[in-house]
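Trainee: Sequence and predicted structure below; questions after.
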Amino acid sequence: MMKKIFTPILLVLILFSFSFAQRTDLSGLKFCIDPGHGGNNAANDRLVVPDPGISFWESESNFQKALLLKPMIEEKGGWVILTRNTNSYPNDNDEPSLSARAAIANANNVHWFNSIHSNATGGTNNGTNYTLMLIKEDIPTRQPAFPEALNMADKLGKHIKANNRTSTYYVRLDYTFYGGPSGGFNLGVLKPLLMPGTLSEGSFHDFYPETRRLMNNHYRKMEAYGLVRGYLEYYSIPFDLFGFVAGIQTDSETGKPKNQSRVKLLPADIVYNGDSYNNGYYLFDRLTPGNYKVVFETPDYGKDTVNQTVAASGLHFLDRTLFIATPPTITQTQPLPGDTGFKVNNLIGIRFSRPMDTTSVRLAFSLSPPASGNFTWTAGSTMLLFTPNPVLSYNTNYVLTIAAAAKSLGGTSIDGNNDGVPGDPFILSFKTESNTTDVTDRFETPLKYELKQNYPNPFNPGTSIQYSVPSREKVTLKLFDVLGYEVATLVDEVKESGVYYYPFSIINYPLPSGIYFYQLRAGSYVETKKMMVVK
């Protein structure tokens, strides 16, 4: 008799457990998705301008994420309703209130509610970029109002963090998060809910690199994929087998994300053309598992091909630095070509059109007749300074050669004769000054006071300041900012007559980018010149 009573019950439990474990999609589940804020207006929205002419509105970003998320849930069999279907309201009052959004979820008896947002620090953001999930808190017990929301929020946060590549993710109870007894509250959009709900702050929209990415709809799409994967994991539904390849492309010289980039995926022959929002982002989604070639072929940059195996359900990030394919040239020299009076104690300076592989340039550099000396680089590896040690010979014809083996950071050989074709050397002939005295050291006796323009200028990190005093004098050399405040005293001592070089470096005197003035005082002589620090 006992067997007849419990066997049907046991059978029902087994069948129920089996059917839940075998769920293959979201059929029978109803979702209410709320695109946070609305209407691109100061009253109910948040505006960030990461670059001149580029305006980011949080409401538009939230709305686009919701539009991308809706068909993804529906594709898996779920039913979806949005709390708003536009981001253009003629009147601010037309926007649904927070309680009205929750009422839509309640009226449709949905299983889950999520309000899509992005976060902000409320000030200048220099690096904060994490994912935050907020859920409704039962204030008397200080526990989740819907315990299952805690589990769901953890799944959603984990996948948004993975897809957006934020630093981490957090799940927080709203009342406690906003101050608890010291001023806490339930979020207005979560408080009226009769079912579990979450509010997702996918990333920080006032962190400018993230602001720029959030202008890209494919980047927003990745957050939508993260939300779907969170729902699927919560219901133990296997992910689709398709994978993703995404990344950010930057310019090797500026370090900035590259606009209007072009990436091709083979053998699928799919081309991704980048936008102009300074994010460098690209995405290939819904890829069948297998082997691919990712070809970076942005115009004016060197072509680069990377083999990438896409795993089932795989999330693959492939960032790339793009190197300009145009061969580097030499744009400025000291001495000038054909100089017949180059001072024997002068620095030799070579400015390149783009950052160079400094080792290859050093090996390619030669003087004939030979001269020893020291190499230094400034201006982001575009300016080579050679300091002869000891000085060059007087009244001597020199030939400076930089062989074709000198290469840019991207590996392109120099165009020494500036004909547009890489692979030929740069050759410069000059003659040093005549020795009209018996002076054998590096300082001649000048005829007048003189302060010369620093070289190179602009500079980073180093430059040289040359000055002359014709007789023994107390000399000061000081540096001032644009407001006239003294920044540093470089020289303050008695100098014998001679020509002097002061090697100035922002490594020793940390200065922000900008214009500065250096002033020489020797006896009654005063002269001031301008120089510029660039970073």
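Mentor: Thanks, I have it.

Trainee: Residues touching stretch 308-315, excluding its own?
Mentor: Stretch 308-315 has contacts (CB atoms under 8 Å, 6 or more residues apart in numbering) with 162-163, 239-245, 287-294, 316, 318. The way it works is simple: take the backbone N, C-alpha and C, and place the C-beta from them, glycine included.

Trainee: Report the backbone C-alpha coordinates of it in CSV.
Mentor: Output in CSV follows, covering the C-alpha atoms of stretch 308-315 (Å, rounded to 0.1, in the frame of the first residue of the first chain):
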residue,chain,number,x,y,z
GLN,A,308,43.4,32.3,-34.3
THR,A,309,41.7,29.1,-33.3
VAL,A,310,38.1,29.8,-32.2
ALA,A,311,36.9,27.4,-29.5
ALA,A,312,33.3,26.3,-29.1
SER,A,313,31.6,29.1,-27.2
GLY,A,314,35.0,30.7,-27.1
LEU,A,315,35.6,34.4,-26.2
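
Trainee: Let's verify Y231: helix, strand, or coil?
Mentor: Here Y231 is recorded as helix under DSSP: H, G, I helix; E, B strand; the rest coil.

Trainee: show me the contacts for it.
Mentor: Applying CB under 8 Å, 6+ apart, the residues contacting Y231 are L26, F31, I73, K76, G78, W112, M152, K155, L156, I237.

Trainee: 10 Å instead?
Mentor: 26, 29, 31, 69, 72-73, 76, 78, 111-112, 114, 152, 155-156, 159, 237 (CB atoms under 10 Å, 6 or more residues apart in numbering).

Trainee: Then F317?
Mentor: By CB under 10 Å, 6+ apart, the neighbours of F317 are A162, N163, R165, F244, V245, A246, G247, I248.

Trainee: L363 now?
Mentor: Under the criterion of CB under 10 Å, 6+ apart, the neighbours of L363 are D357, A403, A405, A406.

Trainee: From L347, how far out is the closest residue to the second one other than its chain neighbours?
Mentor: By that I understand A403. Once flanking residues are discounted, A403 sits nearest to A364: 4.0 Å by CB to CB, 6 or more residues apart in numbering. From A364 across to L347, the span is 19 Å (CB to CB, to the nearest Å).

Trainee: Then N273?
Mentor: Using CB to CB, we find N273 at a distance of 46 Å from L347.

Trainee: Check D275 too.
Mentor: For D275, the distance to L347 - CB to CB - is 44 Å.

Trainee: and what of F31?
Mentor: 69 Å.

Trainee: who has more neighbours, the two?
Mentor: Legend: neighbour count by other CB atoms under 10 Å for F31 and L347, higher for F31 (23 against 20).

Trainee: And the pLDDT at L15?
Mentor: Predicted confidence (pLDDT) for L15: 42.

Trainee: element containing N62, please.
Mentor: Taking DSSP states H and E as the criterion, N62 maps to helix 58-75.

Trainee: Which parts of the stretch 251-400 of the chain are helices?
Mentor: 358-364 (DSSP state H, counting those that start in this stretch).

Trainee: by contact count, what packs against the helix holding N62?
Mentor: Secondary-structure packing of helix 58-75 (3 or more CB pairs under 10 Å, 6 or more residues apart in numbering; DSSP states H and E): strand 30-35, strand 47-51, strand 79-82, strand 112-119, strand 197-204, helix 217-234.

Trainee: relative to strand 47-51, how tilted is that helix?
Mentor: Angle of helix 58-75 versus strand 47-51, following axes from the mean of the first three to the mean of the last three CA atoms, to 10 degrees, is 100 degrees.

Trainee: Cross-check the contact I'm expecting between Y282 and F244.
Mentor: No. Between Y282 and F244 there is no contact under CB atoms under 10 Å: 11.0 Å.

Trainee: pretty sure H159 belongs to a helix, no?
Mentor: Yes. Judged by three-state DSSP, H159 forms part of a helix.

Trainee: Per-residue pLDDT of it, please?
Mentor: So H159 comes in at 98 (pLDDT).

Trainee: Just to check, it is in contact with A153?
Mentor: No. With contact defined as CB under 10 Å, H159 does not reach A153; the gap is 11.2 Å.

Trainee: Please enumerate the shared neighbours of the two.
Mentor: Y169, G230.

Trainee: how about R142, what does it touch?
Mentor: By CB under 10 Å, 6+ apart, the neighbours of R142 are L173, Y175, T176, G180, P181, G184.

Trainee: the domain parsing of the chain - what is it?
Mentor: 20-234, 243-322, 326-442, 444-535 (automatic domain parsing).

Trainee: Now do the third one: distance to the chain's middle.
Mentor: This points to domain 326-442. 34 Å (CA atoms, centre = their mean, to the nearest Å).

Trainee: got the end-to-end distance for stretch 266-283?
Mentor: Taking CA to CA, to the nearest Å, stretch 266-283 runs 14 Å from one end to the other.

Trainee: quick one: that stretch to chain centroid distance?
Mentor: Taking CA atoms, centre = their mean, the mean C-alpha location of stretch 266-283 is offset from the chain mean by 17 Å.

Trainee: Give the buried residues for stretch 211-230.
Mentor: Within stretch 211-230, the residues that count as buried by 16 or more other CB atoms under 10 Å are 211-216, 218-230.

Trainee: now swap in stretch 419-435 and tell me
Mentor: Buried residues in stretch 419-435 (16+ other CB under 10 Å): P422, D424, P425, F426, L428, F430, K431, T432, E433.

Trainee: From G188, how far out is the nearest residue in space to F177 that is not next to it in sequence?
Mentor: Closest residue in space to F177, ignoring its immediate chain neighbours: L134 at 6.3 Å, by CB to CB, 6+ apart. Using CB to CB, we find L134 at a distance of 12 Å from G188.

Trainee: Between the two, which has more neighbouring residues?
Mentor: L134 (26 against 14).

Trainee: the inter-axis angle of the helix or strand containing the more buried one versus helix 217-234?
Mentor: Using DSSP H and E, L134 sits within strand 131-135. Per the same axes, to 10 degrees, the angle that strand 131-135 makes with helix 217-234 is 50 degrees.

Trainee: from memory K474 sits against L520, does it?
Mentor: No. Taking contacts as CB under 10 Å, K474 lies outside contact range of L520: 11.7 Å.

Trainee: Of these two, which one has the most company?
Mentor: L520 (25 against 12).

Trainee: Can you tell me the closest non-neighbouring residue to that one?
Mentor: Looking at L520 with CB to CB, 6+ apart, the closest residue is L451, at 4.3 Å.

Trainee: List the contacts of that neighbour.
Mentor: For L451, the contacting residues are 465-468, 477, 518-522, 525-529, by CB under 10 Å, 6+ apart.
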